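Trainee: Sequence plus the predicted model coming up.
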Amino acid sequence: MGMESKFIWKNGGLVPFEEATLHFLTPALHYGVAVFEGIRSYNTPKGPAIFRLREHVERLFASAYVLGFRDLPWTVDEICEAHKDTVRANGFNDCYVRPLIYLDGGGWNLNVDSGKPSIMIAVWEWANYLGEEALAKGIRANISSFTRHHPNVSMTKAKISGNYANSILAKTESQRLGFEEAIMLDPQGYIAECTGENLFLVRKGKIITPSTAPVLEGITRNSIFTIATDLGYEVLEQPVSRDQLYIADEVFVCGTAAECIGLSEIDFRKIGDGTSGKVTREIQNVYHDAIRGKVAKYESWCEYVG
Ligand code: PPE
């Protein structure tokens, strides 16, 4: 799976893929002073559509604001259009879309005001993050030895590039141990989120997820909330302990890249019957139809590229 495309959008227009390069002395590279989004476009009966584009662009701007950028030289509308232009110009249907706003020029005194923001938007063809098998069987995870950021240490509402060193520490460790994903605890010891997904558990017919205070406000999490509620489930936001996961009937994780995936095992303890559970699959199926524009009541989530 390559990441090549014909064009990348840079500061106002499309440039050839090869020209989307940075200088070694770009501060974003040295300090992770950048914010990004993970967005997907799916093929629908009306052509490619970017899923919940405006919410993602609004969160991108919110991340930049949290990091301290004050006056971005673009509007949300312009950047939404730029995403559609980039998908259209590259001619992809199913693709991942990655905008990133970074501190460019200056910036050598650890102050976002000392440089200026630049933006690029890349797309690459992408079908399945964790593989077909993971959808049916679920994946194996462990509780990471690395703690998720305290909200006063690194801003957990923002997709700040530098924050992701924490995810990389955790995911590398888990995969070296033979698991597929890491579950991270918040500084109080309650379940926070995974390295790139939010988490839900199902017990006695109720669906429970940690509150957003210490985690990213996932857009997939929000979609799943709506889908599960519409399916008639009660969805509760409350603190979740590690052992509540062990005795759950089902545990699933969700994010733009991962979509909605069951956890078959946590810390060598089988969850439920050790496959993707019934409620997980029910929600997963509706989600898969929704992202492909096949559910009328969720069609407003699909931003047609045109
Ligand atoms: N938590 C974290 C830490 C996170 O990075 C993501 C998205 C989520 C929750 C779910 O958010 P949402 O996509 O809005 O439902 N992770 C993105 C990046 C993963 C990666 O770079 O790898 C993603 O899913 O695209």
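Mentor: Looks like it came in fine. Residues are numbered from 1 along each chain as shown.

Trainee: all helices for the stretch 201-306 of the chain, in order.
Mentor: Along the stretch 201-306 of the chain, counting by DSSP state H, counting those that start in this stretch, helices occupy 219-230, 242-246, 278-291.

Trainee: what distance separates the first one from the middle of the whole chain?
Mentor: If I follow you right, that is helix 219-230. 14 Å (Cα atoms, centre = their mean, to the nearest Å).

Trainee: Can you list the neighbours in contact with it?
Mentor: 52, 55-56, 59, 197-198, 200, 207, 209, 235, 254-256, 259-260, 283, 286-287, 290, 297-298, 301 (Cβ atoms under 8 Å, 6 or more residues apart in numbering). All C-beta atoms are positioned from the backbone trio N, CA, C, and that covers glycine.

Trainee: near the ligand, which residues of the protein?
Mentor: Applying Cβ under 6 Å from any ligand atom, we find that the chain lies next to the ligand at 38, 193, 196-198, 216, 218-221, 255-257.

Trainee: nearest to E125, of the residues you listed?
Mentor: E125 lies nearest to A257 out of those, by Cβ to Cβ, at 13.8 Å.

Trainee: Let me see the contact set for that closest one.
Mentor: Taking Cβ under 8 Å, 6+ apart as the test, what A257 contacts is 38, 40, 96, 129, 196-197.

Trainee: wait, which of those residues is closest to E81?
Mentor: Nearest member of those to E81, counting by Cβ to Cβ, is R40, at 17.8 Å.

Trainee: Would you mind putting the CA coordinates of the helix or strand hosting the closest one into PDB?
Mentor: Assessed by DSSP states H and E, R40 sits inside strand 39-44. Extracted C-alpha coordinates of strand 39-44, given in PDB (Å, rounded to 0.1, in the frame of the first residue of the first chain):
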ATOM      1  CA  ILE A  39     -10.100  11.800   7.600                       C
ATOM      2  CA  ARG A  40     -11.400   9.300   5.100                       C
ATOM      3  CA  SER A  41     -13.200   9.400   1.800                       C
ATOM      4  CA  TYR A  42     -15.300   6.400   0.700                       C
ATOM      5  CA  ASN A  43     -16.900   5.500  -2.600                       C
ATOM      6  CA  THR A  44     -20.700   5.900  -2.300                       C
END
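
Trainee: Just send the helices of the stretch 201-306 of the chain back as CSV, with mean pLDDT and mean neighbour count too.
Mentor: Shown next, in CSV, are the helices of the stretch 201-306 of the chain (pLDDT from 0 to 100; neighbours: other Cβ atoms under 10 Å):
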stretch, mean pLDDT, mean neighbour count
helix 219-230, 98, 19
helix 242-246, 98, 15
helix 278-291, 97, 19
